[in-house]
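[1] sequence and predicted structure are below.
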Amino acid sequence: MAVEKLSTRHLLGIKDINRNDIELIFETADNFKDVINRPIKRVPSLRDITIANIFFENSTRTKLSFELAEKRLSADVVNFAASSSSVSKGETLIDTVNNILAMKVDMVVMRHPYAGAGQFLSKHIKAQIINAGDGAHEHPTQALLDAFSIRQKLGDVAGKKVVIVGDILHSRVAISNILCLQKLGAEVMVCGPTTLIPKHIQSLGVKVEHDLIKALNWCDVANMLRIQLERQDIKYFPSLREYAMMYGLNKQILDNLDKEIIVMHPGPINRGVEITSDVADSKQSIILEQVENGVAVRMAVLYLLASQRD
């Protein structure tokens, strides 16, 4: 039986939570999924809580998903985009957040280009922090919603084989997914060009494969990552066209596999690069389910963290 409280005050990364925490988040998300599918989609659970969404990097889906989750829980929401703020005038991270906290904010959802920004902040301010992505480090709520989506589709995550394909080197989604899936008892493989696979990734206990077809025949679930050109300071492969030929998933490859697999993508999709449109829109794809589950999982995280405030 899962414990009734999370073991942590913040959600900074999957490495900081345990299997009981993940199961509790999933059980809570099951309940919230019922809520968001009924005619009146709002519950008063966080009525007296003020949450600041502080995004130092561009975001569409994650920011919308968190904002929707907060509003479904009846929280007061403050949105802050760093590009149009005093940060662009040289203000430091702590000054920015302290100014927002002076307005009596209870929780901070933060995305930042530097790894460890949430960790740093949690040592300096009293509010609870949810990491919405820090550099190429972690993106815990994405990993939770991905694992939740696998559980919903296949009944359980334990014993399943999941391959993460693409730009593992620059991906915070990959690292969080590896940690989350392993804590739930799944087997994990990474697949991509040698230049986009971190050198010592096998020390995390994952398999490494450079042949896409072999990886797809091994797995139950394929999570296709976007090529993060904005994080690449040098050329890691000759061209997007060549990458798509070697590591892009199309309907022909999918139909020729030994078995039917599930296809996932954290978004945004580069259609025609990592997956083609007919794969993204096929019955094997659970990409839109991931988006729906994202709201329920984030509601669960916000609710569980808020329930253990001082």
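    Perfect, I can see it now.
[2] wait, a helix at Ile164?
    No. Under DSSP: H, G, I helix; E, B strand; the rest coil, Ile164 sits outside any helix and is assigned strand.
[3] partners of it in the sheet?
    Val190, Asn223 (DSSP bridges).
[4] contact partners of the helix or strand bottoming out on mean pLDDT in the chain?
    Least confident helix or strand of the chain, by mean pLDDT, DSSP states H and E, is helix 93-101 with a mean of 78. The contact list for helix 93-101, computed with CB atoms under 8 Å, 6 or more residues apart in numbering, reads 52, 54, 56, 78, 80, 82, 85-87, 108, 110, 112, 117, 120-121, 124-127. Every C-beta, even on glycine, is put in place using the N, C-alpha and C of the backbone.
[5] specify the local secondary structure of Ile25.
    Of the three states, Ile25 takes helix under three-state DSSP.
[6] returning to that earlier point: from the contacts of helix 93-101, which ones fall inside strands?
    When DSSP state E is applied, the contacts of helix 93-101 are split such that 52, 54, 78, 80, 108, 110, 112 fall in strands.
[7] with respect to pLDDT, which of these ranks lowest?
    Checked by pLDDT, those have Phe80 as the lowest-scoring entry (83).
[8] what's near enough to touch it?
    With CB under 8 Å, 6+ apart, Phe80 has these contacts: 52-55, 96, 100.
[9] what do you get if the cut-off is 6 Å, keeping everything else the same?
    Neighbour list for Phe80: Ile54 [criterion: CB atoms under 6 Å, 6 or more residues apart in numbering].
[10] got the buried residues for stretch 278-291?
    Across stretch 278-291, burial judged by 16 or more other CB atoms under 10 Å covers 279-280, 284-287, 289-291.
[11] which one of these is nearest to Ile201?
    Ile201 has its nearest neighbour among these in Gln290, at 23.5 Å by CB to CB.
[12] so what's that closest one up against?
    Applying CB under 6 Å, 6+ apart, we find Gln290 in contact with 145, 149.
[13] hmm, which of the ones in strands among the contacts of helix 93-101 are the buried ones?
    Buried members of the ones in strands among the contacts of helix 93-101, scored by 16+ other CB under 10 Å, are 52, 54, 80, 108, 110, 112.
[14] just put the residues you listed in a markdown table and tack on distance to Ala143.
    Formatted as a markdown table, these follow (distance: CB to CB, whole Å):
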| residue | distance to Ala143 |
| --- | --- |
| Ala52 | 23 |
| Ile54 | 21 |
| Phe80 | 24 |
| Val108 | 20 |
| Met110 | 17 |
| His112 | 17 |
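[15] for the chain, what spans make up the strands?
    50-55, 76-81, 107-112, 128-134, 161-165, 187-191, 207-209, 221-224, 262-264.
[16] mean pLDDT lowest where, among these?
    For those, mean pLDDT drops lowest on strand 76-81, to a mean of 89.
[17] may I have it as CSV, with CA atoms only?
    Output of strand 76-81 as CSV, limited to C-alpha atoms (Å, rounded to 0.1, in the frame of the first residue of the first chain):
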residue,chain,number,x,y,z
ASP,A,76,-4.7,31.6,-7.7
VAL,A,77,-2.2,31.6,-10.6
VAL,A,78,0.5,34.2,-11.4
ASN,A,79,2.3,33.8,-14.7
PHE,A,80,5.8,35.2,-15.3
ALA,A,81,7.8,35.1,-18.5
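[18] what lines up beside that strand in the sheet?
    Sheet pairing here is set by DSSP bridges, and for strand 76-81 it gives strand 50-55 (parallel).
[19] what angle do the strand it pairs with and strand 107-112 make?
    Relative orientation of strand 50-55 versus strand 107-112 (axes from the mean of the first three to the mean of the last three CA atoms, to 10 degrees): 0 degrees.
[20] residues making contact with strand 50-55?
    So strand 50-55 is contacted by 63, 66, 70, 75-81, 100, 105-111 (CB under 6 Å, 6+ apart).
[21] swap the cut-off to 8 Å and go again
    Strand 50-55 is contacted from outside by 63, 66-67, 70, 75-82, 96-97, 100, 103-111, 127, 132, 302, using CB under 8 Å, 6+ apart.
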